[in-house]
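Trainee: Any chance you can model this:
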Amino acid sequence: LQGFQGDAAHGSRSCVASGGGKKSGFAGHVSLTYNNGGGQLITSNGHWIELTRLVVTRETVQYVAAKNFGAGELVDFDKEWLAMSSDSARQECVQKRAKKMVQQSVASRMKCRTKF
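Mentor: Residues are numbered from 1 along each chain as shown. The predicted structure is shown next:
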């Protein structure tokens with residue numbers, strides 16, 4: 001691990017570099033793998049309470065379902081969403097599925113993914 005710097009509270013960006021790779025930005029969940037012994041440290045800047053305040057659309061859930069969980073998850077979500085009988089039930093379905101996807105997204109399995 002080389003070169004960590006920054007502080008989100010003061011407006012600067014974090015920067016982590018390992019070998020030839022470099023990532024910068026504000027980190028929510030980070031998986032650090034140490035060269036000596038291959039140990040891993042998983043850190044989290046998020047709070048589970050944030051799951052109650054997700055603002056997502058059906059299209060966003062569809063995108064994440066397909067990209068991160070596969071075609072089967074997308075088909076399952078679409079079937080559930082289409083079975084809802086009202087707009088409020090469909091929105092509740094979207095929120096419920098978004099929360100489930102966040103809970104199933106383990107930081108150590110997402111180490112090669114970035115938001116941007």
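Trainee: C-alpha only now, for contacts and for neighbours.
Mentor: Noted.
Trainee: Secondary structure element for Thr43, which one?
Mentor: When secondary structure is defined by DSSP states H and E, Thr43 falls within strand 40-44.
Trainee: Could you point out the helix or strand that follows that strand?
Mentor: Past strand 40-44, the next helix or strand by DSSP H and E is helix 58-64.
Trainee: Show me what that following helix is packed up against.
Mentor: If you count contacts as 3 or more CA pairs under 8 Å, 6 or more residues apart in numbering; DSSP states H and E, helix 58-64 packs onto helix 71-82, helix 87-104.
Trainee: And the pLDDT for the residue lying closest to Ala66 once chain neighbours are set aside?
Mentor: What sits nearest to Ala66 in space, not counting adjacent residues and going by CA to CA, 6 or more residues apart in numbering, is Leu74, at 5.4 Å. Leu74 is assigned a predicted lDDT (pLDDT) of 96.
Trainee: separation between Leu74 and Val64?
Mentor: Separation of Leu74 from Val64 (CA to CA, to the nearest Å) stands at 8 Å.
Trainee: Compare the two (neighbour count), which wins?
Mentor: Between Leu74 and Val64, counting by other CA atoms under 10 Å, Leu74 is the more crowded of the two (19 against 16).
Trainee: list the contacts for the more buried one?
Mentor: By CA atoms under 8 Å, 6 or more residues apart in numbering, the contact list for Leu74 reads Gln62, Ala65, Ala66.
Trainee: Let's have these in JSON lines, adding neighbour count and pLDDT.
Mentor: Output for the contacts of Leu74, formatted as JSON lines (neighbours: other CA atoms under 10 Å; pLDDT from 0 to 100):
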{"residue": "Gln62", "neighbour count": "19", "pLDDT": "96"}
{"residue": "Ala65", "neighbour count": "21", "pLDDT": "94"}
{"residue": "Ala66", "neighbour count": "14", "pLDDT": "94"}
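Trainee: Having no further points to raise, I will conclude here.
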